[in-house]
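Student: please find the sequence and the predicted model below.
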Amino acid sequence: MNNFSFHSPTRIVFGKGALDQMKKYIGPLGKKVLLVYGKGSIKKNGVYDKICSQLSNHEIWELSDVMPNPRVDKVKEGADLCREHGIDVIVAAGGGSVFDCSKAIAAACFYDGDPWDLVVGKAKVSQALPIACVVTMSATGSEMNDTAVISNWDLHQKIGLHDDHICPTVSFLDPENLFTVPFSQMAAGIADILSHLFEQYFTDVEDAYVQDGLAVGCMKACIHYGPIVLKDPSNYEACSNLMWAAPMALNGLLKTGYSMGWSCHPMEHVLSAYYDVTHGVGLAILTPRWMRYILDESTISRFKKYGVEVWGIDANLDDFEIARKAIQKTEEFLFETLQLPRSLSQLGILEESLPEMAKSCVETKGGSVQGYKTLYEKDVLAIYKACL
């Protein structure tokens with residue numbers, strides 16, 4: 001097992017009525033609040049009213065219309081609001097896009113330059129406002145980690161900002177808030193959770209028994225409860241397990257002791273940066289093709305383990321047969337059970353744009369994608385073409 005440093009300062013308030021404790025935990029953080037949210041679903045499902053009731057003794061300013069794949073322009077708008085009104089705490093209500101945008105805002109309000117400087121590492125985060133997350137969509141796990149993925153549409157770049165300062169102070173997870181999530185969004189969220197698990201589980205570290213067990217457990221939870229919640233959106237057991245699987249997949253606990261090069265995420269970030277693709281959908285399309293592309297003698301042991309422990313495939317079969325069956329089951333789950341798009345062409349992505357995107361992908365990563373198996377420009381392009 002590799003050496004590691006683990007730090008997770010976020011308090012999780014989980015369960016029915018979790019939002020009833022907002023006053024208790026947000027009150028000490030300050031009186032001036034910036035409430036950040038997306039297109040307004042929180043006003044339809046009652047979350048907005050609950051937040052306003054809990055924060056009735058606070059001054060509240062609002063930043064709405066945070067889009068999927070949040071853009072640096074929105075970060076700047078939020079940072080300007082924070083400085084103008086002397087904001088003490090940011091309350092982010094929604095899913096990963098809202099949380100990522102809020103994290104970047106929390107850091108950018110203490111930086112006089114272009115917020116993009118913080119994202120690309122040209123400038124360092126010095127401090128950040130405290131952040132409280134109200135989860136209404138489970139996918140990224142951003143409610144419990146130090147990452148904010150931000151897009152720059154002008155540059156066709158989507159890059160992650162990583163810093164301990166932007167970890168949320170507290171996050172409120174009420175599974176009932178998932179009851180009204182549309183089918184397509186819930187399905188994409190499940191694919192996102194699985195991708196986070198895959199990116200860490202497929203590693204050459206073979207002696208991280210605890211981490212393997214956690215990853216397998218979370219994968220099996222997604223596979224078991226995904227179909228249940230899609231059929232019955234108000235199934236509390238299913239919603240609660242999926243809601244907890246999301247932060248467990250990406251709060252840093254799983255990656256302890258694992259190697260941490262990721263493959264599908266860098267490739268998907270380029271798709272989103274050029275075509276504004278829904279993150280979970282892009283990951284779903286890429287993942288099975290990436291699995292097939294890297295399957296060889298050097299990776300077979302991990303794929304066998306995945307097939308046997310996650311999908312229950314007979315361990316006595318030929319190793320490559322197990323691996324191929326596991327990849328097929330992964331594909332069937334993503335495209336048939338979750339009913340997600342299965343090709344890039346379905347998303348309107350053109351073949352002529354693939355070479356430019358492949359080049360952009362490896363350039364952003366410094367010349368190659370250092371994942372489970374190193375991918376160069378030709379490899380990324382081949383995977384893109386397999387997805388077309």
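Tutor: That came in fine, so what should we check first? Numbers count the residues shown, from 1 in each chain.
Student: report the mean confidence score over stretch 209-220.
Tutor: On average, the pLDDT along stretch 209-220 is 96.
Student: ignore what I typed, I meant stretch 180-195.
Tutor: Stretch 180-195 shows a mean pLDDT of 98.
Student: quick one: contacts for Glu77?
Tutor: The neighbours of Glu77, taking CB atoms under 8 Å, 6 or more residues apart in numbering as the test, are Leu63. (C-beta placed from N, C-alpha, C; glycine too.)
Student: would you confirm that it belongs to a helix?
Tutor: Yes: under DSSP: H, G, I helix; E, B strand; the rest coil, Glu77 falls within a helix.
Student: how close does it get to Val91?
Tutor: Using CB to CB, to the nearest Å, we find Glu77 at a distance of 16 Å from Val91.
Student: likewise Pro182?
Tutor: As judged by CB to CB, Pro182 and Val91 stand 23 Å apart.
Student: with Met22 instead?
Tutor: 8 Å.
Student: out of those two, which sits in the busier spot?
Tutor: More neighbours surround Val91 than the other of Met22 and Val91, with 26 against 20 (other CB atoms under 10 Å).
Student: can you tell me the centre-most residue of this structure?
Tutor: Centre of the chain computed as the mean C-alpha position; nearest residue by CA atoms, centre = their mean is Thr140, 2.4 Å away.
Student: give the contact list for it.
Tutor: Gly95, Gly96, Phe99, Asp100, Asp192, His196, Ala246, Leu250, His279.
Student: now these in TSV, please, with extra columns for neighbour count.
Tutor: Formatted as TSV, the contacts of Thr140 follow (neighbours: other CB atoms under 10 Å):
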residue	neighbour count
Gly95	26
Gly96	30
Phe99	33
Asp100	25
Asp192	30
His196	27
Ala246	28
Leu250	26
His279	25
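Student: can you give me the neighbour number for Pro182?
Tutor: 11.
Student: for the chain, what spans make up the strands?
Tutor: Ranges of strands in the chain, per DSSP state E, are 11-14, 32-36, 59-63, 89-94, 131-135, 147-152, 157-162, 170-173, 369-370, 374-375.
Student: want to throw the ones you listed into a markdown table with mean pLDDT and distance to Pro70?
Tutor: Converted to a markdown table, these look like this (pLDDT from 0 to 100; distance: least, CB to CB, whole Å):
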| stretch | mean pLDDT | distance to Pro70 |
| --- | --- | --- |
| strand 11-14 | 98 | 23 |
| strand 32-36 | 98 | 10 |
| strand 59-63 | 98 | 11 |
| strand 89-94 | 98 | 10 |
| strand 131-135 | 98 | 14 |
| strand 147-152 | 98 | 6 |
| strand 157-162 | 96 | 10 |
| strand 170-173 | 98 | 18 |
| strand 369-370 | 95 | 23 |
| strand 374-375 | 97 | 26 |
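Student: of all those, which lies closest to Leu214?
Tutor: Nearest of the strands of the chain to Leu214, taken as CB to CB: strand 11-14 at 16.0 Å.
Student: other residues contacting the closest one?
Tutor: Applying CB under 8 Å, 6+ apart, the contact partners of strand 11-14 are 21, 25, 144, 169-174, 240, 243-244, 247.
Student: who wins on neighbours among the residues you listed?
Tutor: Highest count within the contacts of strand 11-14 by other CB under 10 Å belongs to Phe172, 31 neighbours.
Student: may I see the buried residues of stretch 340-353?
Tutor: Neighbour counts over stretch 340-353 (16 or more other CB atoms under 10 Å) mark Leu340, Pro341, Arg342, Leu344, Leu347, Ile349 as buried.
Student: what's in contact with it?
Tutor: Stretch 340-353 is contacted from outside by 187-188, 191, 271, 274-275, 277, 280-282, 284-285, 331, 334-335, 384-385, 387-388, using CB under 8 Å, 6+ apart.
Student: let's go with 7 Å and repeat that
Tutor: Applying CB atoms under 7 Å, 6 or more residues apart in numbering, the contact partners of stretch 340-353 are 187-188, 191, 271, 274-275, 277, 281, 284-285, 334-335, 387-388.
Student: among the residues you listed, which are in helices?
Tutor: Within the contacts of stretch 340-353, residues falling in helices by DSSP state H are Ala187, Ala188, Ala191, Leu271, Tyr274, Tyr275, Val281, Ala284, Ile285, Cys387.
Student: which pair of those spans the longest distance?
Tutor: Using CB to CB, the ones in helices among the contacts of stretch 340-353 span at most 22.8 Å, a distance reached by Ala187 and Tyr274.
Student: more neighbours, these two?
Tutor: Higher neighbour count among Ala187 and Tyr274: Ala187, with 22 against 18, using other CB under 10 Å.
Student: quick check: the residue located most distally from the centre of the chain vs Val308, distance?
Tutor: Distance to the chain centre peaks in the chain at Asn316, reaching 35.3 Å (criterion: CA atoms, centre = their mean). According to CB to CB, Asn316 stands 10 Å off from Val308.
Student: same check, this time on Cys52
Tutor: With CB to CB as the criterion, Cys52 and Val308 are 50 Å apart.
Student: of the two, who's got more company?
Tutor: Neighbours were counted for Cys52 and for Val308 using other CB under 10 Å; Val308 has more, 17 against 13.
Student: quick check: bridge partners of the residue nearest to Thr364 when sequence neighbours are not counted?
Tutor: Excluding the flanking residues, the one nearest Thr364 by CB to CB, 6 or more residues apart in numbering is Gln157, at 6.5 Å. Beta-bridge partners recorded for Gln157 (DSSP bridges): Asn152.
Student: go ahead and confirm Gln157 touches Tyr274.
Tutor: No: Gln157 lies out of contact with Tyr274 (CB atoms under 7 Å); the separation is 9.7 Å.
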